[in-house]
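Trainee: Sharing a model that was predicted from the sequence below.
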Amino acid sequence: MIKGDSDEYELLTEAVKSSYKLKTDDYYLTCEIGVREGLGSKIIMDEMQTKNHGTPHHVGIDPYGDIKYRHFDKEHDFIEHPKTDYTNLMKLRLKKDLIDYPNFHLMEMTDQEYMDKYRNGFTIYDGKPKLLDKYTVVHFDGPHTTVEILREVLFFCDRSHVGTTFCFDDYKLYKMDLIDQVCYEHGFRPIKKGKQRYVIRKEYD
């Protein structure tokens, strides 16, 4: 059984259910930043399979490897994590647990590396190459600093469409009011806010 390290996964399900795409090209692209053991990605993929008639592809971004990073804003971060438990063994278990999801694409890199490498879109191969450059659902569950989240949000706002949903984990640990303002200017409006997760959807271009 795939484990989660958080609560209110029902709001992540709500984010997928609330998403839509006005113009379909038979493909949907979703993304999770911070995959860990894979429950968030599994929820997104399972819900997309039952929701849409097109072919969903899901990108999971996580470097693993016990790399050193600052997880929270300074006022919330009691240490600059010298070591995490995002081990390569966890990555191997994830690959095993999600082996039955052929359209799961694990990107073993940081969020910044992904955004640099795939800024023009993510190519899938189905008879012929197809460039997917709009995301229908994005789950922000990686670094929880305001600067990192803002950088991610700006990237995905520019690659969203009307009906795209964002789900933020642990949103109280960073400056969500600032993030919310940026998203609002890109046409996003609140859908549901819990104690730990916050869901918004793009209503306007």
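Mentor: Looks like it came in fine.
Trainee: CA only for contacts and neighbour counts going forward, please
Mentor: Will do.
Trainee: count of residues packed around the closest residue to Val199 other than its chain neighbours?
Mentor: Residue nearest to Val199 in three dimensions, not counting chain neighbours: Cys167, with 4.5 Å by Cα to Cα, 6 or more residues apart in numbering. Residues within reach of Cys167, counting by other Cα atoms under 10 Å, total 25.
Trainee: What count of nearby residues applies to the residue nearest to Met107 when sequence neighbours are not counted?
Mentor: Closest residue to Met107 in three dimensions, ignoring its sequence neighbours and counting by Cα to Cα, 6+ apart: Ile61, at 4.8 Å. Neighbour count of Ile61, defined by other Cα under 10 Å: 24.
Trainee: in the sheet, who's paired with Ile61?
Mentor: Ile33, Met107 (DSSP bridges).
Trainee: Leu154 versus that one, what's the distance?
Mentor: 17 Å (Cα to Cα, to the nearest Å).
Trainee: what's the spacing between the residue nearest to Val199 and His139?
Mentor: Counting by Cα to Cα, the gap from Cys167 to His139 is 5 Å.
Trainee: list the residues that contact both of those two?
Mentor: Leu12 (Cα atoms under 8 Å, 6 or more residues apart in numbering).
Trainee: Show the pLDDT at the residue nearest to Met107.
Mentor: Per-residue confidence at Ile61 stands at 97 (pLDDT).
Trainee: Now for the closest residue in space to Cys157 that isn't next to it in sequence: which residues touch it?
Mentor: With Cα to Cα, 6+ apart as the criterion, Cys157 has its nearest non-adjacent residue at 6.6 Å, and that residue is His186. Counting by Cα under 8 Å, 6+ apart, His186 touches Cys157, Lys202, Tyr204, Asp205.
Trainee: mind redoing it with 10 Å?
Mentor: Contacts for His186 (Cα atoms under 10 Å, 6 or more residues apart in numbering) come out as Leu154, Cys157, Asp158, Ser160, Asp180, Lys202, Glu203, Tyr204, Asp205.
Trainee: List just the nearest of those to Leu98.
Mentor: Ser160 (26.0 Å; Cα to Cα).
Trainee: wait, that closest one sits on Val137?
Mentor: Yes - applying Cα atoms under 10 Å, one finds Ser160 in contact with Val137, separated by 8.7 Å.
Trainee: Neighbour count: these two, which is higher?
Mentor: Val137 (30 against 21).
Trainee: List the contacts of that one.
Mentor: Taking Cα under 10 Å, 6+ apart, we find Val137 in contact with 12, 15-20, 28-32, 44, 48, 58, 156, 160-161, 163-167, 201.
Trainee: List buried members of those residues by neighbour count.
Mentor: 12, 15-20, 28-32, 44, 48, 58, 156, 160-161, 163-167, 201 (16 or more other Cα atoms under 10 Å).
Trainee: So which of these sit within strands?
Mentor: 28-32, 58, 160-161, 163-167, 201 (DSSP state E).
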